[in-house]
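*Asks:* Coordinates for the following, if possible.
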Amino acid sequence: MKRYLFRFIGLGLLLSAFMVSSAYAAQNRNRGHGDPSSQDEPTRAKQTPRSDAMSKNPYAGAIVIDADTGDVLFEDNADEKGYPASITKLMVLLIILEAIESKQLNLQDPVTITAGASRIGGSQVFLREHEVFPVEELLYATIVQSANDAATALALHYAGSKEAFVDIMNRRAQEIGMKDTVFHSVHGLPPAKNQLPDISTPRDLGILSRELLKRPGTLQYTSTRERPFRADTQQPFVMRSHNHLLGAMEGCDGLKTGYFRRAGFSIAATAQKKGVRAVAVILGSSDRKARDAKARELLSKGLMQLVAKTPQVPAPVALSAKSTTQAQEEVKAEAAEKTNGVIQIKKSTLLLFVMTILGILVLLIVLFAVKKRKSKDKEIYLDHLPEE
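*Replies:* Residues are numbered from 1 along each chain as shown. Have a look, this model is predicted:
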C-alpha cells in the first residue's frame, strides 16, 4: 500500500513541476514579443494594434496623383492626419539633393559620424563614432535601408544640429504646399517621452513625392532594392529596401515605406507606364500585405487612367520601293484628275512642235518656188525653139 502511495505522490510532483515550467516559458515568450516600433518594417506581417493606434483596415487615408500635373486621380480621406514614420526621410532626401544642386554639398563630401548619430536605434547601418562616409553612401543608407543613424548623420553634417535641420524640413514643407505637415524628427521614429510625433497626410506626402520626382537623382536611390554598405570591408553590410513593390510591380521605381506600431504601415509609391507616371500614398494601414496590395491596385488604376487620356502617336511606317512608286503614280493620277480632262503640254514640247511645222512650211515654200522657176524656164526654152 505504501509503495502505491509513494508512486502517486511522485507522479503528482512531476505534474506540478511540468505546469510551473510551462507557465515560465510562456511568460518568457511574451516578453520576447515586445513592441517592434524601433524597426522600419517588422518581421511579422501582422501586428495586433494597440488601443491608441492610428492605423485602420485597409488604411486611414489614401491618394493617387498624376506625377506630371499633380491632378488627383483618386482620393479617400486624403487629408486624414497620421504618422508618416520613415517616409519622413523623403524630406531629408529632398533637402540634401537640393543642397547638391545648389553646390552647397557634393556627393563625395566626407561626413564624419558623431557620437549622437551612432547612438540612434531602430533600422540602421550601425555607424560608429569617427567613421567617415561620403554623402552619397549615407543617402543610399537613408533610403534603401531606412537607416536612422545615416539620416541623423546627414542632418548634423548639413545643419549642425537636428533641431536646425528639422526647422529646414518644416520651412521647405510649407514652401511646397504641405499645409498639414509638421516634422519633429529627421528620421520618423516614434517619439520619446515629452517629444511630439511627425504629422502628415496622404495629400501632403503626395506633394512631397511629386517634388522629389522633379530631381533627376531621386529614382537612383528609391529604385535600389539591394546595395552593400562598407563595400570595401571583408564583411559588408547588405542593405535591402523595405519597398516590396520594387521588382514585384512593373514600372515601380520608388519611393519609401514607413512603419511603427502606433503609425501602422504606410507607403509613398510611384510607377510609370507608356510615358506617364503616377504616385500613390497609403497612410496608416493595419497590415503590411494589405498596404502593399492596395498601393499596387491604386497605382495600376491610376496609370490606366493616365494612359487612356494620353493620345498615342502612331509610329512612322517605312515605305518600300514598290509602295513609293505606287504613291508617286497616285499623285500623278490625282494631278491628272484635277485637270478635268484637259491635256497638259510642256512649253518645250510645244516650241519644238511649232518649229517643226514652220520648218515643214519653209520647205514646202522652197519646193514650190523651185518648181515654179523650172516651169518658167521651160516656157522660155520652148519659146526660143525654131519653128519646123
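*Asks:* elements contacting the strand or helix carrying A280?
*Replies:* In the assignment (DSSP states H and E), A280 maps to strand 276-285. If contacts are counted by 3 or more CB pairs under 8 Å, 6 or more residues apart in numbering; DSSP states H and E, strand 276-285 sits against strand 61-66, helix 202-213, strand 264-273, helix 288-309. Just so you know, the C-beta spots here come from the backbone N, C-alpha and C atoms, and that holds for glycine as well.
*Asks:* just so I know, which of these lies nearest K256?
*Replies:* strand 264-273 (5.6 Å; CB to CB).
*Asks:* who does that closest one pair up with?
*Replies:* strand 252-260 (antiparallel), strand 276-285 (antiparallel) (DSSP bridges).
*Asks:* what's the angle between it and helix 202-213?
*Replies:* Counting by axes from the mean of the first three to the mean of the last three CA atoms, to 10 degrees, strand 264-273 lies at 50 degrees to helix 202-213.
*Asks:* Only alpha carbons, please: show strand 264-273 as CSV.
*Replies:* In CSV, the C-alpha atoms belonging to strand 264-273 read as follows (Å, rounded to 0.1, in the frame of the first residue of the first chain):
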residue,chain,number,x,y,z
GLY,A,264,0.7,51.4,-38.9
PHE,A,265,2.1,50.6,-42.3
SER,A,266,2.5,53.4,-44.8
ILE,A,267,4.0,53.8,-48.3
ALA,A,268,4.6,56.5,-50.9
ALA,A,269,5.0,54.6,-54.2
THR,A,270,5.5,55.6,-57.8
ALA,A,271,5.4,53.8,-61.1
GLN,A,272,5.5,54.7,-64.8
LYS,A,273,3.8,53.2,-67.9
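*Asks:* centre of the chain versus that strand, how much separation?
*Replies:* Per CA atoms, centre = their mean, to the nearest Å, the displacement of strand 264-273 from the mean C-alpha position of its chain is 10 Å.
*Asks:* Kindly report the same for stretch 159-169.
*Replies:* 28 Å.
*Asks:* Stretch 207-227 now?
*Replies:* 7 Å.
*Asks:* Using PDB, write out every CA atom in it.
*Replies:* What follows is stretch 207-227, C-alpha atoms only, in PDB (Å, rounded to 0.1, in the frame of the first residue of the first chain):
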ATOM      1  CA  ILE A 207       3.100  66.600 -52.800                       C
ATOM      2  CA  LEU A 208       6.500  65.700 -51.300                       C
ATOM      3  CA  SER A 209       6.800  62.700 -53.600                       C
ATOM      4  CA  ARG A 210       6.000  64.800 -56.700                       C
ATOM      5  CA  GLU A 211       8.500  67.500 -55.700                       C
ATOM      6  CA  LEU A 212      11.200  64.800 -55.300                       C
ATOM      7  CA  LEU A 213      10.400  63.300 -58.700                       C
ATOM      8  CA  LYS A 214      11.400  66.700 -60.300                       C
ATOM      9  CA  ARG A 215      15.000  65.900 -59.200                       C
ATOM     10  CA  PRO A 216      16.800  63.500 -61.600                       C
ATOM     11  CA  GLY A 217      18.700  61.800 -58.800                       C
ATOM     12  CA  THR A 218      15.800  60.700 -56.800                       C
ATOM     13  CA  LEU A 219      15.000  57.500 -58.500                       C
ATOM     14  CA  GLN A 220      18.600  56.400 -58.400                       C
ATOM     15  CA  TYR A 221      18.100  55.900 -54.600                       C
ATOM     16  CA  THR A 222      14.400  55.000 -54.400                       C
ATOM     17  CA  SER A 223      14.600  52.300 -57.000                       C
ATOM     18  CA  THR A 224      17.600  50.400 -55.500                       C
ATOM     19  CA  ARG A 225      16.500  47.100 -54.000                       C
ATOM     20  CA  GLU A 226      19.800  45.900 -52.600                       C
ATOM     21  CA  ARG A 227      23.200  47.500 -52.000                       C
END
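*Asks:* Next, the contact list for I87, please.
*Replies:* G188, S200, L205, K256, T257, G258, S266, I267, A268 (CB atoms under 8 Å, 6 or more residues apart in numbering).
*Asks:* switch to 6 Å and redo it
*Replies:* Contacts here follow CB atoms under 6 Å, 6 or more residues apart in numbering; on that basis I87 touches L205, K256, G258, S266, A268.
*Asks:* contacts for stretch 58-71?
*Replies:* 72-78, 80, 82, 202-203, 206, 210, 213, 277-285, 290, 294, 298, 302.
*Asks:* Buried ones in it, by neighbour count?
*Replies:* Applying a neighbour-count criterion of 16 or more other CB atoms under 10 Å, the buried positions in stretch 58-71 are P58, Y59, A60, G61, A62, I63, V64, I65, D66, A67.
*Asks:* Need these in JSON lines (columns: distance to A192 and pLDDT).
*Replies:* Putting the buried residues of stretch 58-71 into JSON lines (distance: CB to CB, whole Å; pLDDT from 0 to 100) gives the following:
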{"residue": "P58", "distance to A192": "30", "pLDDT": "93"}
{"residue": "Y59", "distance to A192": "27", "pLDDT": "96"}
{"residue": "A60", "distance to A192": "23", "pLDDT": "97"}
{"residue": "G61", "distance to A192": "26", "pLDDT": "98"}
{"residue": "A62", "distance to A192": "29", "pLDDT": "98"}
{"residue": "I63", "distance to A192": "30", "pLDDT": "98"}
{"residue": "V64", "distance to A192": "34", "pLDDT": "98"}
{"residue": "I65", "distance to A192": "34", "pLDDT": "98"}
{"residue": "D66", "distance to A192": "39", "pLDDT": "98"}
{"residue": "A67", "distance to A192": "36", "pLDDT": "97"}
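*Asks:* Between those, which sits nearest G116?
*Replies:* Nearest member of those to G116, counting by CB to CB, is A60, at 32.4 Å.
*Asks:* nearest residue to the closest one other than its sequence neighbours?
*Replies:* Spatial nearest neighbour of A60, excluding adjacent residues (CB to CB, 6 or more residues apart in numbering): G284 at 3.1 Å.
*Asks:* My understanding was that that neighbour contacts G264; is that so?
*Replies:* Yes: using CB atoms under 6 Å, G284 is in contact with G264, at 4.3 Å.
*Asks:* Since that was my last question, I'll sign off now.
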